[in-house]
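Asks: Predicted coordinates and the sequence they were generated for:
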Amino acid sequence: MSDNLDDWGGTEFVLAADRLDTPDVIEAADPGDMLRQVASAAAQVRTALRSCLETDLSAFTPDARPRAIVVAGLGGSGLAGEMLAAVTGPSSPVQVMTAQAERLPGWVGAADAVIAVSGSGATPQTLAAATDAARRGCRLVGVGAKGSSLHRIAEQARAPFIPVVAAGREVSTANSMLPRSMLWGLAIPLLVVAERLGVTRVGPQIYEQAAGRLEEVSHQCRPASESFVNPGKSLALDLVGALPVVWGTSALSRVAARRFAGQLHENAKYPALWGVLPETAHTQVAAFDGPFAPRSSRLSAPEPGPGPDDLAGLPGWDPDYDDAEPASGFTPLRLILIADPDEDQRVAAQRAAVTELAGQRGVGVSELAMDGEHPLVRLASVIQLTDYASAYLAIASGIDPGQTVAIRDLQARIE
């Protein structure tokens with residue numbers, strides 16, 4: 001958290017901090033219990049494992065390893081597929097990819113496994129992809145709400161179906177668990193299937209370590225913990241009134257960056273950019289010389305172009321003007337760097353250089369360090385923290401993190 005209240009617009013920051021440190025305000029601002037849903041992550045891991053044990057997955061063995069694993073899903077369901085790809089890593093013996101369209105790629109066929117994932121079990125694109133997979137003779141697995149349309153498609157295809165379990169209860173189309181809060185209940189079955197196929201190795205101990213890390217972060221970020229010792233609230237206050245730019249430094253932290261940006265969209269209703277080094281060093285870093293970087297006009301290197309004599313005649317042009325301070329109401333960039341200990345050495349050097357450059361341009365930086373030996377544990381530590389931060393940012397801004405009016409309005413227009 002910044003020590004300089006001037007960076008926050010003073011009054012706005014104090015009001016946001018006061019909201020986050022007043023339990024009654026937090027409760028009133030979160031009528032959909034988003035914070036409770038975030039806190040259910042560890043329970044989702046453990047109950048998802050039990051649900052997998054109760055599902056007949058005997059057809060999935062290393063001897064029957066597919067050519068590729070294709071995860072069909074959108075939103076948080078699609079992100080679960082990206083988590084699977086990141087955890088399996090580049091050493092995976094088979095291709096792991098996510099499909100986010102109604103039709104599967106043309107090359108997908110009987111030699112491949114398709115995991116159709118939908119928290120509600122009713123996402124039209126995922127239902128179409130599951131039907132397409134069954135028609136092509138792919139080995140199909142369904143993951144979603146019990147009794148849903150996806151469940152029925154799996155039954156008709158005689159394919160295993162793993163019901164999503166969240167907060168200790170099976171998810172159905174009738175309950176209020178939001179899809180974006182069910183990431184762990186969606187992701188764990190994918191890992192279990194991949195593990196049975198010999199594509200990755202996790203094991204009970206790692207799953208429990210991940211659940212333990214989720215519980216640890218939840219305790220640190222609990223609503224009763226004040227903002228100066230609560231990492232979720234502190235990160236939220238870093239972002240009040242800012243334009244978040246979230247960068248990862250590896251394939252694994254790329255997933256965490258995308259997740260955080262998505263949660264900022266849906267929970268806090270904040271626009272956010274996301275990406276991964278080194279790509280963003282060639283693209284998004286150019287925004288440090290733009291109108292959302294507080295000191296870009298003073299410190300950016302001059303580009304070849306017209307000289308002062310060519311511009312002096314323009315109306316309102318003052319070549320001696322130096323805007324040292326942002327104007328009132330200015331929205332500054334805020335860079336969030338998610339560092340993975342397995343990042344490439346060159347990327348680590350880029351991250352240090354980016355931090356220095358951001359400081360020169362007046363762009364605030366929040367660095368989040370992934371911690372843990374196994375990729376799943378590292379993801380758990382950062383994703384849980386940023387899930388809390390997105391909910392707290394909504395509450396700090398006077399917004400209900402659970403409401404999705406714009407999403408519902410758009411769906412009503414296209415259905």
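Replies: Structure's in. What do you need? Residues are numbered from 1 along each chain as shown.

Asks: quick one, what contacts L235?
Replies: I336, S366, L368, L385, T386, A389, Y392 (Cβ atoms under 8 Å, 6 or more residues apart in numbering). Quick note: C-beta positions are derived from backbone N, CA and C, even for glycine.

Asks: Can you tell me which helices and strands the helix or strand E215 falls within packs against?
Replies: Using DSSP states H and E, E215 sits in helix 204-220. In this structure, helix 204-220 makes packing contacts with helix 41-53, helix 231-239, helix 375-396, judged by 3 or more Cβ pairs under 8 Å, 6 or more residues apart in numbering; DSSP states H and E.

Asks: List just the one of these that sits closest to G212.
Replies: Between G212 and the helices and strands packed on helix 204-220, the shortest gap by Cβ to Cβ is with helix 41-53, which sits at 7.4 Å.

Asks: starting at the chain centroid, how far to that closest one?
Replies: 20 Å (Cα atoms, centre = their mean, to the nearest Å).

Asks: Quick one: residues in contact with it.
Replies: Helix 41-53 has contacts (Cβ under 8 Å, 6+ apart) with 162-168, 182-185, 188-189, 192-193, 204, 207-208, 210-212, 214-215, 218, 380, 384, 387.

Asks: what comes up buried for it?
Replies: By neighbour count with 16 or more other Cβ atoms under 10 Å, helix 41-53 contains the buried residues A41, A42, A43, Q44, V45, R46, T47, A48, L49, S51, C52.

Asks: Where do the strands of the protein begin and end?
Replies: For the chain, the strands defined by DSSP state E cover 68-72, 95-99, 113-118, 139-144, 161-163, 165-166, 169-170, 243-248, 273-276, 333-339, 364-369.

Asks: Paired strands for the last one, with orientation please.
Replies: Applying DSSP bridges to the sheet, strand 364-369 is found paired with strand 333-339 (parallel).

Asks: got the angle for the partner strand vs helix 375-396?
Replies: 160 degrees (axes from the mean of the first three to the mean of the last three Cα atoms, to 10 degrees).

Asks: mean confidence score for strand 333-339?
Replies: In this model, strand 333-339 has a mean pLDDT of 97.

Asks: between the strands of the chain, which gets nearest to G398?
Replies: Minimum separation from G398 across the strands of the chain (Cβ to Cβ) falls at strand 243-248, 18.0 Å.

Asks: For that closest one, output the C-alpha coordinates as PDB.
Replies: Provided in PDB are the C-alpha atoms of strand 243-248 (Å, rounded to 0.1, in the frame of the first residue of the first chain):
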ATOM      1  CA  LEU A 243      -6.200   1.600 -14.300                       C
ATOM      2  CA  PRO A 244      -4.800  -1.900 -13.500                       C
ATOM      3  CA  VAL A 245      -2.200  -3.500 -15.800                       C
ATOM      4  CA  VAL A 246      -1.500  -7.000 -14.700                       C
ATOM      5  CA  TRP A 247       1.600  -8.800 -16.000                       C
ATOM      6  CA  GLY A 248       2.800 -12.400 -15.400                       C
END
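
Asks: Run a quick neighbour tally on the residue lying closest to R334 once chain neighbours are set aside.
Replies: Nearest residue to R334, sequence neighbours excluded (Cβ to Cβ, 6 or more residues apart in numbering): A242, at 3.7 Å. Residues lying near A242 (other Cβ atoms under 10 Å) number 22.

Asks: Could you check the pLDDT of A242?
Replies: pLDDT, A242: 95.

Asks: show me the contacts for it.
Replies: For A242, the contact set (Cβ under 8 Å, 6+ apart) comprises T331, P332, L333, R334, G364.

Asks: Out of the buried residues of helix 41-53, the closest to T283 would be?
Replies: Closest to T283, out of all of the buried residues of helix 41-53 and judged by Cβ to Cβ, is A41, at 32.1 Å.

Asks: Please name the nearest non-neighbouring residue to that closest one.
Replies: According to Cβ to Cβ, 6+ apart, the nearest residue to A41 is L214 (4.3 Å).

Asks: my read: the one you found touches A187, true?
Replies: No: L214 lies out of contact with A187 (Cβ atoms under 8 Å); the separation is 11.9 Å.

Asks: could I get the buried residues of helix 41-53 as JSON lines with distance to E82?
Replies: Below are the buried residues of helix 41-53 laid out as JSON lines (distance: Cβ to Cβ, whole Å):
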{"residue": "A41", "distance to E82": "17"}
{"residue": "A42", "distance to E82": "21"}
{"residue": "A43", "distance to E82": "23"}
{"residue": "Q44", "distance to E82": "17"}
{"residue": "V45", "distance to E82": "18"}
{"residue": "R46", "distance to E82": "23"}
{"residue": "T47", "distance to E82": "22"}
{"residue": "A48", "distance to E82": "17"}
{"residue": "L49", "distance to E82": "21"}
{"residue": "S51", "distance to E82": "21"}
{"residue": "C52", "distance to E82": "20"}
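
Asks: Done for today, thanks.
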